[in-house]
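Student: A structural model of the following input is requested.
(one chain, ligands or ions: 1)
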Amino acid sequence: MDWKVGGVKYRVEEQGSGPPLLLLHGFTGGAVNWEPFVPAWSLRFRVIRVDLIGHGETDSPGDPARYSMESVVADLVGILDSLGVKKTDLLGYSMGGRLALSLATTHPERVQRLMLESSSPGLKTREEREERIRRDEALADRIETDGIRAFVDAWEQIPLFASQRFLPEEVRRKLREQRLANHPRGLANSLRGMGTGAQPSWWASLDRLTLPVLLIKGEWDAKFCRIAEEMKDKLADARMETVKGAGHAVHVEQPRRFERIVLDFLTSKI
Ligand SMILES: C=C(O[C@H]1C=C[C@H](C(=O)CCC(=O)O)[C@@H](C(=O)O)[C@@H]1O)C(=O)O
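Tutor: Have a look, this model is predicted:
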């Protein structure tokens, strides 16, 4: 199903019935990344998956400003309104987690419970944000100059994904194919508009969140383990799960454990 929001056509998939559960993928990802979990989660939830702006079957507008975190949060609110969803459980992976936290922070009345996999509230200082914006702008330019294949070749090799070399060949092939299916302009503008440095920092407002939060991290992802531990200290109602045998993409590397962790959290927290 496609929904037009703010002039952008979004691809939205829905399966199951019950309380709504909105799933937000990471950078280079898509709604398809959550497919392995739909059979189990759709038995108890109305599972809603979105291709985020610049990704998958959703439009890749030419103006980077259209990808700002504020704009994309507004898009999600518009999609929830169109679906008749007043309040939803929300799961975001990496970039999707930054978006999920942005939605929960700016529209707390729309989020029941929040799950963040390998994500962050952004960067604390202006200097860190400016440096990250420079890095992401340079990466965005390379995506548009060198093309999607050269980008994915390099992206698969970043240290953050080192543990993915242990994945079965078929899993890696599917992930690569899905990344290659994105539009260079969409990925480039996603970095420019809602990259880690471009978004607001939510570090100073974490202590105002009162909803139940689950922080999921892979034991081999040292950087995002540190971030999750720091976030947990600031959140009023947070639980943290460290998954053994996983790096950044916990849902890819330990899918059955990930599936159980999410269900346990959603069925334990009323
Ligand atoms: C490399 C860093 O940041 C990037 C890594 C992960 C984020 C992501 O969504 C990757 C999803 C995937 O390919 O599996 C991405 C983001 O949050 O936008 C970051 O750009 C880093 O060290 O922070």
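
Student: quick check: phi and psi at the residue nearest to V85 when sequence neighbours are not counted.
Tutor: Among residues not flanking V85 along the chain, P20 sits closest, at 4.7 Å (CB to CB, 6 or more residues apart in numbering). Backbone N, C-alpha and C define where each C-beta goes, glycine included. Reported as degrees, to the nearest 10, the phi and psi values for P20 are phi -70, psi 140.

Student: what's the burial count for the residue of the stretch 51-200 of the chain found nearest the ligand?
Tutor: Relative to the ligand, the nearest point of the stretch 51-200 of the chain is S94 (3.0 Å; CB to the nearest ligand atom). Number of residues near S94 (other CB atoms under 10 Å) recorded here: 23.

Student: return the residues in contact with it.
Tutor: Contacts here follow CB atoms under 8 Å, 6 or more residues apart in numbering; on that basis S94 touches 26-27, 117-119, 248-249.

Student: now do P36
Tutor: The neighbours of P36, taking CB under 8 Å, 6+ apart as the test, are 251, 255, 259.

Student: need the pLDDT of the last one.
Tutor: What it means is E259. Confidence per residue is given as pLDDT, and for E259 that number is 98.

Student: just the CA trace of the helix or strand containing it, in CSV.
Tutor: Per DSSP states H and E: E259 is located in helix 255-268. Extracted C-alpha coordinates of helix 255-268, given in CSV (Å, rounded to 0.1, in the frame of the first residue of the first chain):
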residue,chain,number,x,y,z
PRO,A,255,17.1,-13.1,14.6
ARG,A,256,15.5,-15.7,16.8
ARG,A,257,16.9,-14.2,20.0
PHE,A,258,15.9,-10.7,18.8
GLU,A,259,12.4,-11.8,17.9
ARG,A,260,12.0,-13.2,21.5
ILE,A,261,13.4,-10.2,23.2
VAL,A,262,11.0,-7.9,21.5
LEU,A,263,8.0,-10.1,22.2
ASP,A,264,9.0,-10.5,25.8
PHE,A,265,9.2,-6.8,26.3
LEU,A,266,5.9,-6.0,24.6
THR,A,267,4.1,-8.7,26.5
SER,A,268,5.6,-7.9,29.9
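
Student: centre of the chain to that helix, how far?
Tutor: Centroid displacement of helix 255-268 relative to its chain, using CA atoms, centre = their mean, to the nearest Å, is 17 Å.

Student: any residue of that helix touching the ligand?
Tutor: No - interface with the ligand: helix 255-268 contributes nothing (CB under 6 Å from any ligand atom), its closest point being 13.5 Å away.

Student: enumerate the positions of that helix that are buried.
Tutor: Under the neighbour-count criterion of 16 or more other CB atoms under 10 Å, helix 255-268 has 257-259, 261-263, 265-266 buried.

Student: just the residues you listed now: which is nearest the ligand?
Tutor: When these are compared for distance to the ligand (CB to the nearest ligand atom), F258 wins out at 13.5 Å.

Student: residues in contact with the helix holding E259: which ones?
Tutor: Identification of contacts with helix 255-268 by CB under 8 Å, 6+ apart yields 21, 36-37, 40-41, 44-45, 89, 91, 113, 115, 117, 212, 214, 216, 239, 241, 243, 246, 250-251.

Student: kindly recompute the last result at 7 Å.
Tutor: Contact with helix 255-268 is made by 36-37, 40-41, 89, 91, 113, 115, 214, 216, 239, 241, 243, 250-251, as judged by CB atoms under 7 Å, 6 or more residues apart in numbering.

Student: got the contact list for stretch 151-169?
Tutor: 28, 142-143, 172, 176, 179-180, 220, 246-249, 252-253.

Student: close to the ligand: what parts of the stretch 151-270 of the chain are there?
Tutor: Those residues of the stretch 151-270 of the chain that sit near the ligand, judged by CB under 6 Å from any ligand atom, are 158, 160, 195-196, 223, 249.

Student: if we use 8 Å, what do you get?
Tutor: With the criterion set to CB under 8 Å from any ligand atom, the stretch 151-270 of the chain comes near the ligand through 155, 158, 160-161, 179, 190-191, 194-196, 223-224, 248-249, 252.

Student: show me where this protein has helices.
Tutor: For the chain, helices defined by DSSP state H occupy the ranges 38-41, 69-82, 95-106, 126-146, 148-155, 169-180, 184-194, 222-234, 250-253, 255-268.
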